[in-house]
Structure formats: structure tokens, C-alpha cells
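**Q** what follows is a predicted structure for the sequence shown.
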Amino acid sequence: MKLASLKHGRDGKLILVSRDLSTAVDATDLAPTLQSALDSWETVAPLLEERYTSLNSKSLNNTFAFNPDDCASPLPRAYQWVDGSAYVNHVELVRKARNATMPETFWTDPLMYQGMSDGFIGPKDDIELVDPAWGCDFEAEIAAVTGDMPMGTTAAEAPSHIKLMMLVNDVSLRNLIPAELAKGFGFFQSKPASAFSPVAVTPDELTNHWQSGKVHLPLTVHLNDEMFGSPDAGVDMTFDFHQLLEHVARSRHVSAGTIVGSGTVSNVDRSKGSCCLAEKRMLEIIEGGKAITPFMTYGDKVAIEMLDENGDSIFGKIEQTVVPYSKK
């Protein structure tokens with residue numbers, strides 16, 4: 001299934017979207033919001049699936065053209081958003097650029113932080129920035145949305161708890177990060193609201209590209225309409241989504257609607273480009289002694305998308321422009 005949330009109140013209005021992202025149908029009679037559907041997934045999902053099948057067979061009369069501009073993030077807000085750093089190659093590169101050694105445990109125990117989740121940016125909404133000096137960066141990632149998951153869930157048990165998959169732009173304010181991490185208490189101001197793809201999909205929509213807790217397809221990023229990177233999300237992922245979910249549930253019960261991010265997708269093969277500005281800047285420092293590529297500023301545009309082998313968009317496209325924040 002492919003699900004989306006039209007902008008409506010705080011939590012959106014649930015719709016089903018056709019596989020080719022061309023048409024949609026209201027689903028609020030089955031569940032008013034995506035969170036509501038996740039809360040009663042075992043009961044609601046079969047009903048949604050039946051309507052989704054009818055939508056794709058064009059046997060429904062009450063459909064309408066799907067417009068991503070009308071969408072909030074699939075979960076406009078969530079009870080929990082946690083982001084991992086599953087591509088340890090990316091972490092190693094970050095540390096290498098500042099001549100810092102990397103603990104061996106980074107290869108065996110996932111890094112993870114808890115981000116703000118009380119309000120996400122829509123997939124086509126602007127990134128409001130107070131000050132360009134803060135170093136605005138995009139981070140293209142993949143995320144899983146869970147159902148209820150008991151404490152102590154193992155990686156082997158995790159697959160049944162993954163209900164949906166999305167793309168993420170985990171916006172970061174890079175120049176605020178060093179001072180925050182120096183306090184020894186993690187990210188806060190440096191991690192503002194993230195944005196998610198117009199559509200969330202059930203793992204079966206990824207067909208054979210969803211294997212062993214990984215999405216084996218390139219994640220493509222354009223910056224100001226120019227190709228920035230297209231690394232394969234299934235390559236060099238040290239911790240798969242099953243392992244990430246095990247990490248989340250180690251010491252706590254996890255509620256339906258929890259979003260778990262992969263961290264910035266990154267390949268050892270540098271020819272594939274990058275999924276964030278910081279990584280490109282690090283490579284420039286390593287190769288030439290200084291960063292050349294600037295962070296985003298007002299007017300800059302980023303686009304994030306994943307295409308299947310036929311060139312069709314799976315999740316729809318995240319498209320955002322950085323604009324000055326104006327307090328209303």
C-alpha cells in the first residue's frame with residue numbers, strides 16, 4: 001500500500017495513493033489519520049489493502065488526482081522519531097576529516113539520537129532558516145515506521161513490526177553541532193524539524209529491493225536542480241533496520257507510529273556522490289585541506305527521491321527551498 005496525509009489540522013487526513021502516484025482516494029472512513037491506522041493496524045490494514053487494490057484496478061468512482069503539494073509528511077507529528085547512523089562509513093569519514101579516531105564499538109553498536117517529532121515539515125514545504133551562518137544541511141535517509149513493539153524485541157523478531165517505509169530529509173544545522181556535542185548531552189538546537197516523503201509505503205511495495213532489512217536501490221539527491229549524489233541504500237549499511245529496531249527496543253516498549261531513521265545514506269564508492277553537504281565538505285578537506293562546498297542558504301533547493309528499476313518514483317519526491325524565517 002501507499003499512504004499519504006493531506007494537510008488538515010495537526011495530524012492530517014488519511015488517503016490511499018495509487019502505485020503510480022497518479023490518483024488517490026479518501027480513507028478517513030477507515031481511519032481518520034495515519035496514526036489512527038497504525039494504532040489499530042491489524043484491524044485496519046486489511047481494509048485499507050482492499051481499497052488500495054480497487055484503487056489500482058481503477059474500479060473506484062470517488063478518486064481524485066494526487067498532488068504532493070497538498071500533503072503533509074505522512075505522519076505530520078509522531079510520538080517518537082529516532083535517527084540512527086547505520087552507514088558507519090559516513091561516521092568514519094566525519095571523524096577522519098577532523099583527525100579523530102573512531103571507537104571500535106561504532107561498528108558493533110548503533111549510534112542513535114532522539115529528534116523533535118511534535119511537528120514535521122511537509123515534503124514540499126520550505127525550510128525556514130533563522131541564520132545562514134548556522135550551516136544548513138540536508139541529509140537524505142530512509143525511515144521505517146513501527147507498530148507497537150515490546151521491550152526486548154530482537155532483530156529476528158523485528159520484521160513483523162515494520163509497517164511502513166518513508167524517505168527523510170533530516171535537516172541539520174552543522175555549525176551548531178560542535179558546541180552542543182561538546183556539552184556531552186547530544187543534539188538539540190542543531191536538529192530542527194525533519195521532512196518526510198509525500199508517501200509512506202508498506203515494505204511489499206519495494207518488491208525484491210527490500211531484503212534483509214535493507215532497501216537495495218539508489219537514493220538520489222539534487223541540489224539546485226543538479227545531481228548531487230545517488231548512493232545505493234543497500235550497500236555499506238552496517239546496521240540494517242532489523243538491528244536498528246532491536247537497538248530502539250532494548251530498554252523500552254515502543255509505541256505504534258515510532259519512526260526510525262537510517263542516518264545519512266553513504267557508499268564507500270565515492271563516484272556515487274553524497275547524500276549531505278557535510279560529507280562532500282569532509283572529502284574536500286581530506287583531499288585538498290579545506291572545504292569548498294558551502295552549506296545551504298536562502299533560495300537553495302534540495303530534492304530527494306528513490307526510483308525503481310523502471311524509473312518510477314516509489315515514495316514521491318521531497319522538494320524544499322531554504323527561506324528566511326519570519327516570526328509571525
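**A** Yep, that arrived.

**Q** when you work out contacts or count neighbours from here on, use the C-alpha atoms and nothing else.
**A** OK.

**Q** burial of Glu226, as a residue count?
**A** The number of residues packed near Glu226 is 11, by other Cα atoms under 10 Å.

**Q** hey, what's it bridged with?
**A** Note on Glu226: beta-bridge partners Leu223, judged by DSSP bridges.

**Q** ok, it to Asn62 distance?
**A** Distance of Glu226 to Asn62, given as Cα to Cα, to the nearest Å: 38 Å.

**Q** again, but for Arg174
**A** Counting by Cα to Cα - Arg174 and Asn62 are separated by 46 Å.

**Q** can you give me the buried ones in stretch 281-296?
**A** For stretch 281-296, a neighbour-count test (16 or more other Cα atoms under 10 Å) marks 281-286, 291, 295-296 as buried.

**Q** now, which of these sits nearest Asn67?
**A** Nearest to Asn67, judged by Cα to Cα, of the buried residues of stretch 281-296 is Met296 at 26.7 Å.

**Q** my read is that that closest one contacts Asp137, right?
**A** Yes: the pair Met296 / Asp137 is scored as a contact, 6.0 Å apart, by Cα atoms under 8 Å.

**Q** where exactly do the helices run in the stretch 51-200 of the chain?
**A** Using DSSP state H, counting those that start in this stretch, the helices of the stretch 51-200 of the chain run over 88-97, 177-182.

**Q** just so I know, which of the ones you listed lies nearest Tyr325?
**A** The nearest among the helices of the stretch 51-200 of the chain, by Cα to Cα, is helix 177-182 at 20.0 Å.

**Q** so what's the closest residue to Ala195 other than its chain neighbours up against?
**A** Among residues not flanking Ala195 along the chain, Ile121 sits closest, at 4.6 Å (Cα to Cα, 6 or more residues apart in numbering). Applying Cα atoms under 8 Å, 6 or more residues apart in numbering to Ile121 gives the contacts 72-73, 76, 127, 193-196.

**Q** mind checking which of those residues are buried?
**A** 72-73, 76, 127, 193-196.

**Q** farthest-apart pair in these, please.
**A** Longest distance between any two of these is 15.2 Å, between Pro76 and Ile127; criterion Cα to Cα.

**Q** so the residue nearest to Ala195 versus Arg95, what's the distance?
**A** Applying Cα to Cα, the value for Ile121 to Arg95 is 29 Å.

**Q** run through the residues that contact Ala158.
**A** 242-243, 245-246.

**Q** filter those residues down to the ones in helices?
**A** 242-243, 245-246 (DSSP state H).

**Q** thinking again about what came up before, can I get the contacts of Ala158 in TSV with pLDDT, neighbour count and distance to Phe315?
**A** Converted to TSV, the contacts of Ala158 look like this (pLDDT from 0 to 100; neighbours: other Cα atoms under 10 Å; distance: Cα to Cα, whole Å):
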residue	pLDDT	neighbour count	distance to Phe315
His242	98	22	21
Gln243	98	21	23
Leu245	98	28	22
Glu246	98	19	25
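
**Q** ok, those residues vs Thr33, which is closest?
**A** The closest of the contacts of Ala158 to Thr33 turns out to be Leu245 (Cα to Cα; 23.7 Å).

**Q** tell me what Leu14 is bridged to.
**A** Note on Leu14: beta-bridge partners by DSSP bridges are Ser5.

**Q** before we move on, back to that, could you dump the ones in helices among the contacts of Ala158 into CSV and include distance to Thr43?
**A** Converted to CSV, the ones in helices among the contacts of Ala158 look like this (distance: Cα to Cα, whole Å):
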residue, distance to Thr43
His242, 24
Gln243, 27
Leu245, 23
Glu246, 25
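
**Q** tell me the span between the first and last residue of stretch 321-328.
**A** Distances were taken as Cα to Cα; on that basis the terminal residues of stretch 321-328 are 19 Å apart.

**Q** contact partners of it?
**A** The contact list for stretch 321-328 (Cα under 8 Å, 6+ apart) reads 125-131, 296-302.

**Q** I'd like the average pLDDT over that stretch.
**A** In this model, stretch 321-328 has a mean pLDDT of 92.

**Q** buried residues in that stretch?
**A** For stretch 321-328, by 16+ other Cα under 10 Å, it's 321-323.

**Q** relative to Gly115, which of the residues you listed is nearest.
**A** Of all those, Val322 has the smallest distance to Gly115: 20.3 Å, by Cα to Cα.

**Q** secondary structure class for that closest one?
**A** For Val322, the assignment made with DSSP: H, G, I helix; E, B strand; the rest coil gives strand.
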